[in-house]
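Novice: Sharing a sequence plus its predicted fold:
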Amino acid sequence: MTLEEKAEYEVIDNLRERNFDVIYELLNDDMKELATVEDLEDLWDAITGEYGKIVDIDSENISTEEITEEGIDYTSVFVPCEFDSGSKLDIQVVYDKDEMVAGLWFYPI
């Protein structure tokens with residue numbers, strides 16, 4: 001499975017289905033020190049409270065970017081999503097070299 005597929009099917013689909021414990025297990029150790037299962041739920045509740053539910057994922061326009069931070073290489077996957085409010089957000093899932101989630105961000109597009 002590619003990182004693009006992992007971001008869409010493992011992270012975003014589990015967000016949509018509110019399987020926060022599954023997402024937590026995808027986090028690397030650094031992220032697990034920063035966030036709990038409840039934090040993931042609170043984050044998603046804040047996103048859906050403002051934008052509504054995801055109604056479409058633009059799989060054809062998923063993009064990746066290689067980044068290096070403090071000498072560590074990461075791959076960012078940007079997944080464009082449309083919400084039922086009509087808003088569109090890029091959900092950025094950052095993966096470390098072991099393909100564990102090292103970051104999760106939401107950007108209006």
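Specialist: Arrived safely, thanks for sending.
Novice: Any figure for the gap between Leu15 and Gly49?
Specialist: 14 Å (Cβ to Cβ, to the nearest Å). Any C-beta I mention is one placed from the backbone N, CA and C, and that applies to glycine too.
Novice: Settle it for me: which of those two has more neighbours?
Specialist: Leu15 (22 against 8; other Cβ atoms under 10 Å).
Novice: helix or strand for the more buried one, which one?
Specialist: Assessed by DSSP states H and E, Leu15 sits inside helix 13-16.
Novice: Leaving out sequence neighbours, find the closest residue to the residue positioned nearest the centre of the chain.
Specialist: Centroid-nearest residue in the chain: Val93, 4.0 Å away (criterion: Cα atoms, centre = their mean). Excluding the flanking residues, the one nearest Val93 by Cβ to Cβ, 6 or more residues apart in numbering is Ala7, at 4.1 Å.
Novice: Provide the secondary structure category for the one you found.
Specialist: helix (DSSP: H, G, I helix; E, B strand; the rest coil).
Novice: My understanding was that it contacts Val79; is that so?
Specialist: Yes. Shown here, Ala7 and Val79 form a contact pair, counting by Cβ atoms under 8 Å, at 5.3 Å.
Novice: Now the common contact residues for those two.
Specialist: Residues touching both Ala7 and Val79 by Cβ atoms under 8 Å, 6 or more residues apart in numbering: Ile62, Ile91, Val93.
Novice: dump the residue contacts of the last one.
Specialist: What that stands for is Val93. Remark: with contacts taken as Cβ under 8 Å, 6+ apart, Val93 is in contact with Leu3, Lys6, Ala7, Val11, Ile12, Ser76, Val77, Val79, Val101, Gly103, Leu104.
Novice: and it, how far is that from Leu104?
Specialist: When distance is defined by Cβ to Cβ, Val93 is 6 Å away from Leu104.
Novice: so what sits against both of these two?
Specialist: By Cβ under 8 Å, 6+ apart, the residues touching both Val93 and Leu104 are Val11.
Novice: in the chain, what spans have low per-residue confidence?
Specialist: For the chain, no stretch has pLDDT under 70.
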